[in-house]
Each structure stands twice: as C-alpha cells, then as structure tokens.
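A.B. asks: Based on what follows, work out the 3D shape:
(3 chains)
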Amino acid sequence: MSQAESTWAAEAAAVFVKDWRCEYRTRYALNTLGLFAFTTLVVVSMVLGPVGNTQVMANAVLPVILWLIILFAVTAGLPRIFVAEEETHTATALRLAATPSALFVGKLAYGFTVVVLLEVLITPLFLAMVQLNVAKLDLLVAALAAGGFGMAAGSTLIAAIVAQARTRSALFAVLLLPALVPGLLFAVTLTRAAIAGSDPGVELRMLLLYDGTLTVAGLMLFPTIWNP
Amino acid sequence: MRTLLLWLLWLLIAAIMVGSYLFAPPMKSFVGGGESSRILFFHVPMAWTSFVAFIAAGVWSAIFLKTRKRRHDHAASTAVEIGLVFCVLATVSGAIWAKVEWGAYWNWDPRQLSILAALVYYAAYLALRSQVADDEVRARVAGAYAVLGLVIAPFLFFVAPRIAGFSLHPQPVVNQGMKLQMDLSVLGILIGGSLGFMALFFWVHNLATRLALIEDELDQA
Amino acid sequence: MSTETYLRFHQIKRRFGRLRVLTGVSGEVSVGQVLFVNGANGSGKSTLMRILAGLLAAEAGTVDYVEEGRSFDISERRRAVGYVAPDLALYEELSTLENLEFFCELRGAPRSRAAELLDELGLPHGRLAGALSSGMRQRLRWGWALLDRPKLLLLDEPFQNLDRPGIEQGTELLSRHLEGGGLAVVANPGPLEVPHVAGRIDLGR
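C.D. replies: Sure, this is the predicted structure:
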C-alpha cells in the first residue's frame, strides 16, 4: 500500500525541498537571522572598533563574540522550523503524511543549511570589521561547520518541543541555551585555536561527538514529541 | 519498619553533621588553617545528589515514554523539583566557599558556570511544564527534554569543569589515577554524607510523588 | 475473516483539563458503510475524529483499525487514513499542484495523482493555496485526503463552504469510495445527505 512506496530518504528530501521552496518565496527565516546577526555585528563593531590586532582581544574575546552573534540569530530565527507549521495549521497534514524520523532529518538539513548560509554571510564581515586575522582558516571553517551543525540539531529538537507549548518562541532560548553549552564551549575553543594557529587538540573530535549525540537523541526523541 | 528507616537516616545525617566538625581533620591546603574545608561535606554531597536527582528524572521520563503511566511522569517532575533545590544549595554553598577561599562569590570558574548551566536547564524543564496546557502533551514533551538531559547533565557536571582549561576549583581528589588522595576520615564523611543526602532525596521524592498522585486523583473525581 | 476491513472503537474517553469532552463513545464501521457522527460544535465531534485519525490520544478506550485482516497500529493508521477537517491547512506559499505533489512524495502516491485529482476537482494547478476561495480550499482538502486512495476516510464537516455542485461532487466521490471497498466516518453539526449510512452516534449533552 502507500507506506511501502515512499522511501525514507525521498521523504526527508521532499521535506527539505518544501522548506526551502517556502523559504525562498517568503525569506522569513533568512531575513530574521540575517537582520539579527547583522544588527548585533554593527553594535559590536561600533563598541569595540578594530581591536582584532590586539592579542588579548583576538584570543579571548572575539571568538566568543562571533559565536554569540550566531547564537543570537539562531535563537531568533530557527524556532520557525516547527512553530510555523503549528501556527499555520499545516502540522496536521504533516502528522498524517510524514514518517517522523524522515521529517526530523529533512528539517535538520534545512536548519543546518540556513545556519551555514548565515555563517558564510556574517563571518567574513565580522573578521573584516574587527580586523581579525585567522591563522588556520581551514580550522575555522571546521569549527563553524561542526558548531553550526550542533546548533541546528539542538534547535530542530527544541523547536519541536516548544511548538507544542503556549509561549513558543519565548521558551525556545531558555530550553536551547543550556543544552548548547557543551557544543559552544568546544566551538569557541576551536575558533580560538584557529585564530592563534595552534593545535586544536581533542576539541574537534569532542564537538563531532557532541553533534552526533545530539542528532541521535533528536532522532530517538522526536517521534514522541511529534505524535501522541 | 518505615519509622525505623527514618530514624536511621536521621542518625546518619546527625552523625555526618557532628563528624564533619569534630571527627574530620581540617584540610591544610585551604585558606585559614583549613576550617573552611568543612563546607566540603555539605557542598559536594548536595551537588552529587542533585546530579542523581536529574539522572533519576531522565530515567523516570524514559520509563514514562515507554509505559505512558501518569505516576512515572509525576516521579520525573518531582525529581527535577527536588533536584533543583539541591542544585541551588550546592551553588550557594559553593559561592560561600568561593568567597572565603578566593575572595569573591563568583569567579567565572568553569565548575561554577557549568552547575549554573545545569540549574538553568532544569529550571527550563519546569518552565516548559507550566507552558503546556494538555496533560498528555506536557508529559511527553517534558519527558523528552528530561531524557535529553541524560546526555547534557553528565557533561555539565563532570566533563565541562575539566576541559575548560584554567580552573580555581580544587582538582578532583577522589579518583585521580584511581588512588585516594585524601585522608580516609575525610573521605568517609564525604561518602557518608553523600549517601545520607541521596537517601533524604529519595525519601522526600517518594512523599512528594505520592502526594502528586493523590492530587491527580482528586482532580479527576 | 482474513480479508476483513473495519474500524472499531470502544469506550473512548477524553477530557481537556477539567472539561469532560468524551465520556465513553463506541462505534464501528465496515467496508461500504458510513458511520455518521452527529454533534454540535463543542460536543466532542472533532475530538473524536482526531482520536480516530491518530492525531490525539484517548485517555481511555481502544481504537482498532484492521485492513484486509492486518491490524494497523496508531502510526500506520495515521498514514493510512484520508482526513478532511475544517482546521486542516496546506502551505499557503505553495501552489495547489506543489502542495499535492509534496504530499504524494510523503504518502507514497505517484506524482501524477496530484494533477489528476486537481483536474477532477476542477482546481487550477498554478494558484497559490493562500489565494483560494473557501470553497476551493475545501475541495483541495478533499484532494489531499484522496491522494493515495485510502480505504478509510474520516470526514469532519466535509461539505463546509461548498456550493451545490461541490456538494454533489463530494457525495459522488464518497459513493465511489464506498463502492470501491472503502469505509468512512462522517461527522457534522447537523443532518447531512450521505449515502450508505449504517450506524449513527449522537454526541453532546
């Protein structure tokens, strides 16, 4: 019958395509994330100035600020992943049509690509505005990718949770931030190492482990959150 | 039988309180001749007990997600509530100790920060519960968050303090290279205190859960 | 016995907070039949339909859906039913065709089914779902429900917002569904002209 004919991968891909198609036409998420990130960046830059050439700022402060900007934008823009479905009442149709795990993966892929786009836009701007030089660019890219993935995975799961609550977006940051602490710690340490040009040590592996754990937890918990 | 167990628990905790002042020697490495080290016997067990409480909440939530029985959901949320009390006590006692030892209540020490993150995580759990109207959805959704906590909490309590590099906190003395680094009497009171507080937690938890179930039944009538 | 298809529910109870909405509802329906649920707004009619669709959990009671002798669990039932309800919405930013094709991918129906149904229901392919009139929206809901030719249809206020031709077409689709080996539960706040009604439940105080 119907279930056998739709493959899991095709379902996940369909969800991913649908989300991007809607996003392309409305640009809600990209606008929100971009606006928040850009505004924060401007404020930071105005307050700090081009301090990237100062050793202490480059090593200690600026890596944290970059991640805080990304985090801030994520908290503002990613709840949409599931909250929008509930608010427009399309969640009912999704519940009756999609396999939960495929839905989760499709949404996670969408969230991750949104975060990556944000990072691609914001990071060069950030580096330029604070005049920060990065010694190991490939390590920075790895940190942004792995850290961004962790944020997307956590956000997708937490978005599913808050979509069922009353205050939704307000609760999102409260639930997400403590869960992201491990990933953020690793990501910031890696970014520091990238800027200073030092050896990343075990941090990248730990960050990937964290990402994997969060994804597996999400895959296991999502069906219970999504359906009765 | 129950009364006997309660009396034993009371005796144990009384013994810990007395022993921590009269029996255990002060730890010389601490400020002011080591008398301040006695806070160890309260601060550390509180932290360990809150960790046990949060893990128990995660386990009960997992059980609930399997059985869908109300009492498991109540057990989970009660465990978080009581665990938070212990967590706050651990944070506050830690801050007092920090003031005596290092001169400031808050030092941005990784261990202080990570226990704060855990506190926020589980306070968020309670906030989530208050924001979901339907009983069935609330239990499911909060349960999922508590199960996620099974991954996050161990990290925050045990891994984060060790990886963030520089820390003012005394190095973990119990299992450094599997050798006991501290005086046995100190260790004895520490372990005894931990067991006592954990027993206290489970006793209070049992009462609170039974109360919640009775309230539930009254609501349904 | 081994090729039976039926839906049976027994003593369904559901409350919201202190409000008892369903206090022990039972019913059954088999191939070629319609179970009619009559209930005013607030009587629990939509709650019952949601429970039958697997969108909501009952507090007590059982729902058994068996298709050709095989028992379906709740997640299988969810993806096997065709559901029409007033609060069901599709994606406003996508066209009618894009919407139905998306759901074809999820439900495992051939993509051509989307265009086929739109033509049958007289709906334009390229119009955004957000730009449809309420009558067209209702017809789109029917299209969505019939995508993968489900055996069980759960229709909550199926003729809402439809004009005379729309109602006739809906009735025709339902008859064809029943004659082709399907079964249906129809819920409405008031009487409705529906073929092959084999059972009836009246909800409400």
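A.B. asks: So what touches stretch B:114-129?
C.D. replies: Contact with stretch B:114-129 is made by A:161-162, A:165, A:171, A:174-175, A:177-179, A:181, B:47, B:50, B:54, B:57, B:77, B:80-81, B:83-84, B:87-88, B:90-91, B:94, B:138, B:141-142, B:145-146, B:149, B:152-153, B:156-157, B:160-161, as judged by CB atoms under 8 Å, 6 or more residues apart in numbering or on different chains. For the C-beta atoms, the positions are set from N, CA and C on the backbone; glycine is no exception.
A.B. asks: Kindly recompute the last result at 7 Å.
C.D. replies: Stretch B:114-129 is contacted from outside by A:161, A:165, A:171, A:174-175, A:178-179, A:181, B:47, B:54, B:77, B:80-81, B:83-84, B:87-88, B:90-91, B:138, B:141-142, B:145-146, B:149, B:152-153, B:156-157, B:160-161, using CB atoms under 7 Å, 6 or more residues apart in numbering or on different chains.
A.B. asks: and it, average pLDDT?
C.D. replies: The pLDDT scores in stretch B:114-129 average 94.
A.B. asks: In that stretch, which residues are buried?
C.D. replies: Along stretch B:114-129, these residues count as buried under the neighbour rule (16 or more other CB atoms under 10 Å in any protein chain shown): B:114-125, B:127-129.
A.B. asks: between those residues, which is nearest residue C:64?
C.D. replies: The shortest gap between residue C:64 and any of the buried residues of stretch B:114-129 belongs to residue B:129, at 32.8 Å (CB to CB).
A.B. asks: And what about the closest one, helix, strand or coil?
C.D. replies: For residue B:129, the secondary structure call by DSSP: H, G, I helix; E, B strand; the rest coil comes out as helix.
A.B. asks: ok, now how distant is it from residue C:196?
C.D. replies: From residue B:129 across to residue C:196, the span is 47 Å (CB to CB, to the nearest Å).
A.B. asks: swap in residue C:204?
C.D. replies: Between residue C:204 and residue C:196 the computed distance is 24 Å (CB to CB).
A.B. asks: How about residue C:170?
C.D. replies: The value you get for residue C:170 to residue C:196, if CB to CB is used, is 14 Å.
A.B. asks: Who has more neighbours out of the two?
C.D. replies: Each of residue C:170 and residue C:196 has its neighbours counted (other CB atoms under 10 Å in any protein chain shown); residue C:170 has more, 20 against 13.
A.B. asks: Please, which helix or strand holds the more buried one?
C.D. replies: According to DSSP states H and E, residue C:170 maps onto helix C:164-179.
A.B. asks: for residue A:210, same thing?
C.D. replies: Assessed by DSSP H and E, residue A:210 sits inside helix A:203-226.
A.B. asks: Show me what that helix packs onto, helices and strands only.
C.D. replies: Where contact means 3 or more CB pairs under 7 Å, 6 or more residues apart in numbering or on different chains; DSSP states H and E, helix A:203-226 is packed against helix A:100-130, helix A:137-162, helix A:169-196, helix B:135-154.
A.B. asks: so how far is it off the chain centroid?
C.D. replies: Counting by CA atoms, centre = their mean, to the nearest Å, helix A:203-226 is centred 13 Å from the centre of its parent chain.
A.B. asks: Now tell me what touches it from outside.
C.D. replies: Contact partners of helix A:203-226, identified using CB under 7 Å, 6+ apart, comprise A:95, A:100-101, A:104, A:142, A:146-147, A:149-150, A:153-154, A:156-157, A:160-161, A:182-183, A:186-187, A:189-190, B:65, B:140-141, B:144, B:147-148, B:151.
A.B. asks: Please apply the same query to stretch A:86-106.
C.D. replies: Applying CB under 7 Å, 6+ apart, the set of residues contacting stretch A:86-106 from outside is A:8, A:11-13, A:15-16, A:85, A:156, A:163, A:218-219, A:222-223, A:226-227, C:53, C:55, C:78-79, C:81, C:83, C:87-92, C:103, C:106-107, C:144.
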